[in-house]
Each structure stands twice: as structure tokens, then as C-alpha cells.
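In: let's see this in three dimensions:
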Amino acid sequence: MTSSPAPLRFSAFVMYTASHIQHGLWRHPDARQADFEDVGLWVDLARTLERGGFDAMFFADVVGVYGGAGAAYDINAREGLQLPSHDPSVLLSALAVSTEHLGLAFTSSTLQAHPFEFARRVSTLDHISRGRIGWNIVTSHLENAARNFGHDRLLDHDERYAQAQEYLDVAYKLWEGSWDDGALLKDRQGAYADPAGIHRIDHHGRWYDVEGPHLVSPSPQRTPLLFQAGASPAGAAFAARNAEASFILAPDRERARDIVANGKRLAVEAGRSADDISYYQGITFIIGSTEEEARRKEAEIDEYLSADAFFVHSNLGTDQRTGQPIPPDTLLKDVPTQGGQGQLEWLRQLSPDREPTVADLARLSAKLRGRIVGTPEQIADELDAWREVGVAGINVMNWMIPSSYEEFIDHVMPVLRRRGLAAEGYTEGTLRRKLTGRDTLPDTHPAARYRGAFA
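Out: Alright, predicted model coming up:
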């Protein structure tokens, strides 16, 4: 007797800004994301997502502007294209005390914070949330971001992943090895903590020197749930070594099947189990009681889309090192880039009849941000098909906050539950326990080698 396939997992893909992915929609009269600085908007959304059974609220982030070093940011400002944007890690504290089960994941680049400070901040958040924090590991692909942190330029693409691996090793040592289980005593007649169970890590590497010990006692998960979204060969290998969940934006299901199979193969080659990593596909939804109604809504939404903003967000229309525009007739295969290499290849695949150019970027980028349009039943059919190719979860991208999520929760989720495509309720405990059945990383994860290593 074969077991039924596991329900899909659902995360809400958001950003602490006015225009995250679907550029131009902040102008829609039903959209509230223009007032993103209002903490009440996010608390209300988090509670709505928890009511709807979402597993996580996932925040993207950047620490620079799109368009290359020294480039103008007129369009970024005019379109609210991640300018302004706020720090999501600060917001998570408010969301943590306003919810009980919802996972809270945020993006932080290995460029923007020293690993010692970052590990302390994450452990603090994991304590506040009682174990519901996730980290999306990125290396930053914006030249402006590098200059914001005192560097002349970004490291080359693959070199950034090598630095990121050392960054992770430092964090792993702090989270997994600096404190023994049981070192925190809280003995009112004796010691608060056992010094014999707290260890310096004495890390001396190519990029970092950290003595330790970790200043925070072990949080419920120790290491946060680890997300990663690299699509290039170096990014896929990095995810296979480290990630527990990988976000993908595959242009179709066959490509998703290949990504999942390749990632799981790489995980096994890295000494992990194929089941140690899951894949979440990013999708937007336009929902109607009939297909005709959904198509009418789609046409209305498309009227708000900003081609200029999509072009800038592609980050491929300017030379990243000089900030100078790239001629619009330049073939995408000839565009020099230090980031988004996987996305660039997928954009090319969306134009199989001819080699696309820079002038095609806005149209192709909008197409890449995959959408499903239809009734709740039609959407359920599509999501079942995504599950069949190995996708474990859906990263639900929005058009408008909060209505995109309210419609999905009220109209699509009940259909998904009836079909076994969505879970009926929450498992108690940490985010990792809800998603994997355990509170801490498995022994197959590379971080596990630091447990007891400094005793």
C-alpha cells in the first residue's frame, strides 16, 4: 500500500518595501503596501497568514539599489522599487510576539553583517519567537551593496560563495558548538551557567577571525531553518551542502523537475540525504469564481505593471561595474553579470525561437514571475501538478497586500485541504519541527560536525 503524498507547504513571499516583485501594483486602490512602514499592516498580515495555515512568512531583502555601481536610481525611487526598504530582521520581533505558529524567515546577506553579530541576532530572534526563525542565505549581487559596505567591487560570483561558506562555518560553530546542552543551569543556589560547557570557537580563516564564545545560550532550534535560492551551478551546490529549503522560480514544471532532481543528487554527493532539502516554487495567483472573472482581473492587474521597473529589477540593463547602460540590442547571452546567472538562463529559455536581447527584459521578467489564473479548482489542479514533479512547497507571491493572501486563504485553501494538498493544522513546536519533524539539524548536515568540537 502506497502512502499519500505529503501536503504542500506554503510561505508568503513579501518584502519590507512598497514594490517587491510585481512592480506598479502599489498604485492599485486595493493595495496597502504603499504604507509598508506601518507595523500594523504586517502584524495584521501575519495573523491572517496564520489563520490561513501558512507555514511561513518569508521576507526578501537587499542592501543596495538595482542598476549598477554609481547608476541613477530615478526609476527605483519613482516606482518604489525596493527604495525605500526597511530591515526585516527588526520587524520580526513584532511579528513573533503577535503570532504563535507562523514561521518567520528573513533574508540577510553574508556581505552586510559580521557573522558573530549576525549569529547573536538570529539566536535572540529564535528565543523571542520560541524557535520559529528561518534565514535565507544570500551573497548579494548588487555592486552598490558592495560599495555600501566599503568594498571597491563585488567578489567574483563563485568566490562569493566560497566566502559565504566560511561565514556559515563561523555561524555553525557559534550556534552548534559554543554551548553544550545543559550548560545553562539557572540554579538559584549555584551557578547561572556552567563555564565548562561554554567554549570559545577560535576560528581563524581566510575572511574571518572569531574567538567566541557565542553570547546567547542555545535557542530552541540552535541553527535557524536554512533557506537558499541560488540557481547557478555554484549556488545550487552551495544550497545542496547547506540549505533545508531552496526557493526556485522555474519557468515551467519540467524545469522544476530537473532542478529538484539535480539538487537532491548534489545533496547526496555532499553526504546528506536527498530528503534533507525541499524545493519551493514561486507562483502568483489571480483567482475568480469563474475563469472569465479571473481573466478580467488579470487584464486589470496587467494595466498597473511597470515595464520600467521590471527592466531595472532585472539588473541586467546596465554594466554592473560601471553603471553604464547596455545597448538594448545586446543579446542576453552576451550580458556580463556577477549575479542572477540562473535567472538569466531561465529568461533565455522563455524565448526559445530566438536569442533574446536586453530590450526583451521587461516582458520576459514579467513572464518569469509565474502566475496561475483561474478558479480555486483550476488552481488546485495546477498545484497538484507542481507537487507531482517534486515541488514540496509554494512561495506565494502577491500582487497586493493583504488582498492577494486573503483571497488565497478564503477561496483556494479550503479546496486544497479537501484534496489533501494543504495541511489541516499546525504541528506544535519549532518551525523546523513543523516542517521536518525535528527541532535541530540532522547529523547529516555539515553544521553537526561542530557539536562537541570545542569541549
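
In: which secondary structure elements does the strand or helix carrying Ile372 sit against?
Out: Ile372 is located in strand 371-374, with elements delineated by DSSP states H and E. Applying 3 or more CB pairs under 8 Å, 6 or more residues apart in numbering; DSSP states H and E, we find strand 371-374 packed against strand 278-287, helix 291-304, helix 376-388. (Each C-beta comes from the backbone N, C-alpha and C, glycine too.)

In: and for it, what are the contacting residues?
Out: By CB atoms under 8 Å, 6 or more residues apart in numbering, the surrounding residues in contact with strand 371-374 are 283-288, 291, 294-295, 298, 378-379, 382-383.

In: can you list the residue ranges for strands in the stretch 151-300 of the chain?
Out: For the stretch 151-300 of the chain, the strands defined by DSSP state E, counting those that start in this stretch occupy 203-204, 209-210, 225-228, 245-248, 278-287.

In: partners of the last one in the sheet?
Out: Looking at strand 278-287 with DSSP bridges, its paired strands and their directions are strand 245-248 (parallel), strand 371-374 (parallel), strand 393-397 (parallel).

In: give me the nearest residue to Ala294, chain neighbours excluded.
Out: Gly288 (3.1 Å; CB to CB, 6 or more residues apart in numbering).

In: with Lys186 instead?
Out: According to CB to CB, 6+ apart, the nearest residue to Lys186 is Tyr192 (6.1 Å).

In: give me phi/psi at that neighbour?
Out: In terms of degrees, to the nearest 10, the main-chain angles of Tyr192 are phi -80, psi -40.

In: ok, which of the helices and strands packed on strand 371-374 comes nearest Thr357?
Out: For the helices and strands packed on strand 371-374, the distance to Thr357 is smallest for helix 291-304, at 22.2 Å, taking CB to CB.

In: what does that closest one contact?
Out: Among residues not part of helix 291-304, those counted as contacts by CB under 8 Å, 6+ apart are 22, 24-25, 27-28, 286-288, 371, 373-375, 378, 399.

In: can you turn the buried part of those into a PyMOL selection?
Out: The buried subset of those, as determined by 16 or more other CB atoms under 10 Å, is captured in PyMOL by this line:
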select buried, resi 22+24+25+28+286+287+288+373+374+375+378+399
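
In: name the nearest of the contacts of helix 291-304 relative to Ala60.
Out: With CB to CB as the yardstick, the closest approach to Ala60 among these comes from Gln22, at 12.6 Å.

In: what sits against that closest one?
Out: Counting by CB under 8 Å, 6+ apart, Gln22 touches 284, 301, 305, 369, 397-399.

In: does Thr440 really touch Leu226, like I thought?
Out: No: distance between Thr440 and Leu226: 11.9 Å, which falls outside the contact criterion (CB atoms under 8 Å).

In: hey, which of the helices and strands packed on strand 371-374 is tucked in deepest?
Out: Among those, ranked by average contacts under mean count of other CB atoms under 10 Å, first place goes to strand 278-287 (a mean of 22).

In: about what we covered before: and the contacts of helix 291-304, which two are furthest apart?
Out: When CB to CB is used, the two most widely separated members of these are Arg27 and Gln378, lying 28.0 Å apart.

In: contacts only, for the residue nearest the centre of the chain.
Out: The residue lying closest to the centre of the chain (CA atoms, centre = their mean) is Asn136, at 4.8 Å. Each residue near Asn136 by CB under 8 Å, 6+ apart is listed here: 58, 60, 105-108, 227-229, 247.

In: and it, how close does it get to Phe59?
Out: Shown here: Asn136 relative to Phe59, a distance of 8 Å by CB to CB, to the nearest Å.

In: can you list residues touching both of these two?
Out: Any residue near both Asn136 and Phe59 by CB under 8 Å, 6+ apart counts here, and that gives 105-107.

In: now, these that are in helices?
Out: When those are checked against helices using DSSP state H, none is located there.

In: just the buried ones from those residues?
Out: Among these, those classed as buried by neighbour count (16+ other CB under 10 Å) are 105-107.

In: hmm, back to that, how far away is the residue nearest to the centre of the chain from Thr427?
Out: To Thr427, Asn136 is 22 Å away according to CB to CB.

In: average pLDDT across stretch 201-220?
Out: Predicted confidence along stretch 201-220 averages 98 (mean pLDDT).

In: next one: stretch 5-19
Out: The average pLDDT within stretch 5-19 is 97.

In: how about stretch 271-282?
Out: Per-residue pLDDT values over stretch 271-282 give a mean of 96.

In: run through who's touching that stretch.
Out: Outside stretch 271-282, the residues within contact range by CB under 8 Å, 6+ apart are 9, 11, 13, 239-241, 243-250, 256, 259-260, 263-265, 267-268, 369-370, 386, 390-395, 397, 435, 442, 444-446.

In: what of stretch 445-455?
Out: Among residues not part of stretch 445-455, those counted as contacts by CB under 8 Å, 6+ apart are 168, 172-173, 175-178, 180, 199-202, 223, 241-242, 270-272, 276, 441-442.

In: repeat that for 10 Å
Out: By CB atoms under 10 Å, 6 or more residues apart in numbering, the surrounding residues in contact with stretch 445-455 are 165, 168-169, 171-181, 196-202, 212-213, 222-223, 226, 241-244, 270-273, 276, 440-443.

In: pull out the buried members of these.
Out: Burial by neighbour count, judged by 16+ other CB under 10 Å, picks out 165, 168-169, 171-180, 197-199, 201, 212-213, 222-223, 226, 241-244, 270, 272, 276, 440-442 from the contacts of stretch 445-455.

In: helices - which of those residues land there?
Out: 165, 168-169, 171-172, 241-242.

In: out of these, what pair is the most spread apart?
Out: Maximum pairwise distance among these (CB to CB): 13.9 Å, between Ala171 and Arg241.
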